[in-house]
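# Build me a model:
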Amino acid sequence: MPPELLLTPGEYAKKRGLECPRCHSHDLEGAEVEIDAGWATQDIICNECHSTWTDLYTLAGYRSLDPEEAPEPFTEQTFCEFINEWIDLNQKAMTGGEK
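Alright, predicted model coming up:
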């Protein structure tokens, strides 16, 4: 591919990493994301031209500072409670508030 058709790292980022920088295919696969303090990397392969590269990610901030807003991890008990609440809400919605 002529060098003028290759995406620069900035152009690649503007396309949100969804296009091969060499052949412009969207048939991409990513390996496991490696996370470190403030940044992460992911090896990518294009299934069209077989080019490989590494995507780079940086920490942009955070959200949900209040621990009460953060969801608790599901245990079998909390998952069952969640499903039962969901069923109850849907039954009430379908029957106009009657169970």
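
# domains for the protein, by residue range?
When the chain is parsed with automatic domain parsing, its domains come out as 3-58, 62-99.

# could those go into JSON lines alongside mean pLDDT?
Putting these into JSON lines (pLDDT from 0 to 100) gives the following:
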{"stretch": "domain 3-58", "mean pLDDT": "94"}
{"stretch": "domain 62-99", "mean pLDDT": "69"}
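
# Need the winner for burial among those.
Counting by mean count of other Cβ atoms under 10 Å, domain 3-58 has the highest mean neighbour count of the domains of the chain, with a mean of 13. (Glycine included, C-beta is placed from N, CA and C.)

# Now do that one: distance to the chain's middle.
14 Å (Cα atoms, centre = their mean, to the nearest Å).

# can I get the CA coordinates of the lengthiest helix in the chain in CSV?
Ranked by residue count, the top helix of the chain under DSSP state H comes out as helix 76-95. What follows is helix 76-95, C-alpha atoms only, in CSV (Å, rounded to 0.1, in the frame of the first residue of the first chain):
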residue,chain,number,x,y,z
GLU,A,76,-25.8,-16.1,43.3
GLN,A,77,-28.1,-14.7,46.0
THR,A,78,-28.0,-11.1,44.7
PHE,A,79,-28.5,-12.3,41.2
CYS,A,80,-31.6,-14.2,42.2
GLU,A,81,-32.9,-11.1,44.1
PHE,A,82,-32.3,-9.0,41.1
ILE,A,83,-34.2,-11.4,38.8
ASN,A,84,-37.1,-11.7,41.2
GLU,A,85,-37.3,-7.9,41.5
TRP,A,86,-37.3,-7.6,37.7
ILE,A,87,-40.0,-10.2,37.4
ASP,A,88,-42.1,-8.4,40.0
LEU,A,89,-41.7,-5.1,38.2
ASN,A,90,-42.6,-6.6,34.8
GLN,A,91,-45.7,-8.4,36.3
LYS,A,92,-46.9,-5.1,37.8
ALA,A,93,-46.3,-3.3,34.6
MET,A,94,-48.3,-5.9,32.6
THR,A,95,-51.2,-6.0,35.1
